[in-house]
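Peer 1: Take a look and give me a structure for this.
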Amino acid sequence: MELPLARLAQEHRVIAHAGETLHGQLTSILADTVVPREEVEAALATYLVYYGNHIAKEEEDVLTRAAQVLTPEDWKAVKDAAPAKGDPLLGVHPEARYRELRRRLALEAVE
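Peer 2: Residues are numbered from 1 along each chain as shown. The predicted model follows:
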């Protein structure tokens, strides 16, 4: 189990870095800075691919094993120790920022 956990920890670092890169690009775009489309696409692809594969592996490896050994009290302790933080890119209430981003992307597509 040590190797899979080390791999998942490394993936957490890659996902965090990709998320920070993407967040910086989106922030720049919202501030009317031109960011090459290819850079945004590459950052988004990295984030989505790593994130999707990572979640699948966590569910397959970690959560399957955890479900076999953790009690209801253990699960409550886990939930209490890791409260929801909201969207990792846009914060706790991302709706307005997503709407603005969608609006700007739509304008860009028309030009």
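Peer 1: so where is the protein shaky, pLDDT-wise?
Peer 2: Scanning the chain for pLDDT under 70 picks out 1, 86-90, 92, 111.
Peer 1: Recalculate using a threshold of 90.
Peer 2: Within the chain, the stretches with pLDDT under 90 are 1-8, 30, 57-67, 75, 78-111.
Peer 1: Point out the other helices and strands that the single longest helix found in it packs with.
Peer 2: Taking DSSP state H as the criterion, the chain has its longest helix at helix 2-30. Applying 3 or more CB pairs under 8 Å, 6 or more residues apart in numbering; DSSP states H and E, we find helix 2-30 packed against helix 37-57, helix 95-110. In short, each C-beta sits where N, CA and C put it, glycine included.
Peer 1: report the angle between the axes of the first one and helix 2-30?
Peer 2: With axes from the mean of the first three to the mean of the last three CA atoms, to 10 degrees as the criterion, the two stretches helix 37-57 and helix 2-30 enclose an angle of 150 degrees.
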